[in-house]
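Student: here is the input, now give the coordinates:
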Amino acid sequence: LGTALTRCAVVDDSNSRDGLDIITGVRTDVAGKEYEDAVTFWVNAGEGYINTEHVVYLLAGEYDLLDGVIAISFGSDQAAAVRFVFYGDDTPLYTSSYIRGAQTENIQIDVSGIRELRVECETGENCQSYGILEAFLYVGE
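Tutor: Sure thing, here's the model as predicted:
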């Protein structure tokens, strides 16, 4: 079994003062599928600009693979579109496509030797989106 990403230490995040921008736990996507151990980013954008929220996890070089799924959470508006960008020690590792509606994207990212994993969720213009990431970390092949 893997270690849920949400169980790793957070060293930085973009949570708002009231802590509502980043939520962990059981989340449901727009198609009704439940994710048991997910992190959800609430990202709001307006006309002519996009917005990004982030979390930085301490991996301390202890893991080799991040395996998971990206989706849009129930409660997002009809124009919802999110993409995730992953950085390992400030080096880009993976950028997802923009996910819309009931689409999902499976990810597998090599995180061998990575000390800090930065996960960014970005929304498209003119929408309020909740991006879901459910991911697990693995050691070895």
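Student: residue 70 is in contact with residue 29, correct?
Tutor: No: using C-beta atoms under 8 Å, residue 29 is not in contact with residue 70, being 9.7 Å away. Where you see a C-beta, it was placed from the backbone N, CA and C, and this is true even at glycine.
Student: so for the two, which residues contact both of them?
Tutor: 104, 132 (C-beta atoms under 8 Å, 6 or more residues apart in numbering).
Student: show me where this structure dips below the pLDDT cut-off.
Tutor: Along the chain, the model assigns pLDDT under 70 to residues 16-20, 48, 141.
Student: circling back: neighbour-wise, which of residue 29 and residue 70 wins?
Tutor: More crowded of residue 29 and residue 70, by other C-beta atoms under 10 Å: residue 29, with 25 against 22.
Student: put the alpha carbons of stretch 5-21 into PDB.
Tutor: Presented in PDB, the C-alpha positions along stretch 5-21 are these (Å, rounded to 0.1, in the frame of the first residue of the first chain):
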ATOM      1  CA  LEU A   5       0.100  12.400  -0.200                       C
ATOM      2  CA  THR A   6      -2.200  14.200   2.200                       C
ATOM      3  CA  ARG A   7      -0.400  12.400   5.100                       C
ATOM      4  CA  CYS A   8       2.900  14.100   4.300                       C
ATOM      5  CA  ALA A   9       4.000  17.200   6.200                       C
ATOM      6  CA  VAL A  10       3.000  20.500   4.600                       C
ATOM      7  CA  VAL A  11       5.800  23.100   4.500                       C
ATOM      8  CA  ASP A  12       3.900  25.800   2.700                       C
ATOM      9  CA  ASP A  13       0.400  26.400   1.200                       C
ATOM     10  CA  SER A  14      -1.700  29.200  -0.200                       C
ATOM     11  CA  ASN A  15      -4.700  28.700   2.200                       C
ATOM     12  CA  SER A  16      -6.700  31.800   2.800                       C
ATOM     13  CA  ARG A  17      -7.000  33.200   6.300                       C
ATOM     14  CA  ASP A  18     -10.100  31.200   7.000                       C
ATOM     15  CA  GLY A  19      -8.500  28.000   5.600                       C
ATOM     16  CA  LEU A  20     -11.100  27.300   3.000                       C
ATOM     17  CA  ASP A  21      -9.000  27.300  -0.200                       C
END
